[in-house]
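In: Provide a 3D model corresponding to the input given below.
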Amino acid sequence: ALRMFSNIISLQCEQIIQHLNRKIPGVNTAELCQRIQTLGVEINAGDLAKITNTVSFLFSTAARNNLSTEELITTLGNAVSTLPKHAVQVIRHVWNEQGKSISVTEDAGNMATVGQFVDIKWKLGVAMSSDTCRSLKYPYVTVTLKVADSSGQITDKSFEMTIPQFKNFFRQFKEMAAVLETV
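Out: Just a heads-up that it's a prediction; the model follows:
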């Protein structure tokens, strides 16, 4: 279990580096949290997101200021005192292996403050009945957007639409596509 936990922390660090290099839109902390919890390790998504934000900030700061591994680990220990020793060792290893690959550009500090689209899932459903209506037969569309916020945290946003709302949604996308064709 400790080896699997270390692999997940390593994956988290690698995703942070990929995000800092703008190769992926963000780090899916909810998925990582589930994987850690299946190993029997007690952690909630909020705490893991805080650790991800802290490590991301430290990695970008260390890259920008050419910090040594020891300076990075000391700063990390001061920022997250509850981090297990083996997690710190994994972070040290990933930084030694990949830390120099972080590209520090002038606009790295000015990353967009809006979210970035990652994925979309949808399903068509029909509400058959409810406690107030026996024969409802009400169709709806459920949409789940996977979005990375400006800090790189990936979250799911779900919503339902009636068929008329969906048709309006679709019409607006067709309008956007038509405008993009002119660019």
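
In: Is the residue of the chain most remote from its centre in a helix, a strand, or coil?
Out: Centroid-distance maximum for the chain: R134 at 41.5 Å, with C-alpha atoms, centre = their mean. Following DSSP: H, G, I helix; E, B strand; the rest coil, R134 is assigned to coil.

In: That one and A127, how far apart?
Out: Separation of R134 from A127 (C-beta to C-beta, to the nearest Å): 12 Å. No exception for glycine: its C-beta is placed from N, CA and C like everyone else's.

In: Then L136?
Out: 5 Å.

In: just Q37 next, same as before
Out: Shown here: Q37 relative to A127, a distance of 33 Å by C-beta to C-beta.

In: Contact partners for the residue nearest the centre of the chain?
Out: The centroid of the chain falls nearest to I154 when counting by C-alpha atoms, centre = their mean (2.5 Å). Residues near I154 by C-beta atoms under 8 Å, 6 or more residues apart in numbering: P25, G26, V27, N28, T29, A30, E31, V118, K146, V147, A148.

In: is it fair to say K157 lies in a strand?
Out: Yes - residue state for K157 (three-state DSSP) corresponds to a strand.

In: That one contacts T144, doesn't it?
Out: Yes - the pair K157 and T144 passes the contact test of C-beta atoms under 8 Å, sitting 7.1 Å apart.

In: So between those two, which is more surrounded?
Out: Between K157 and T144, T144 has the larger neighbour count (other C-beta atoms under 10 Å), namely 13 against 10.
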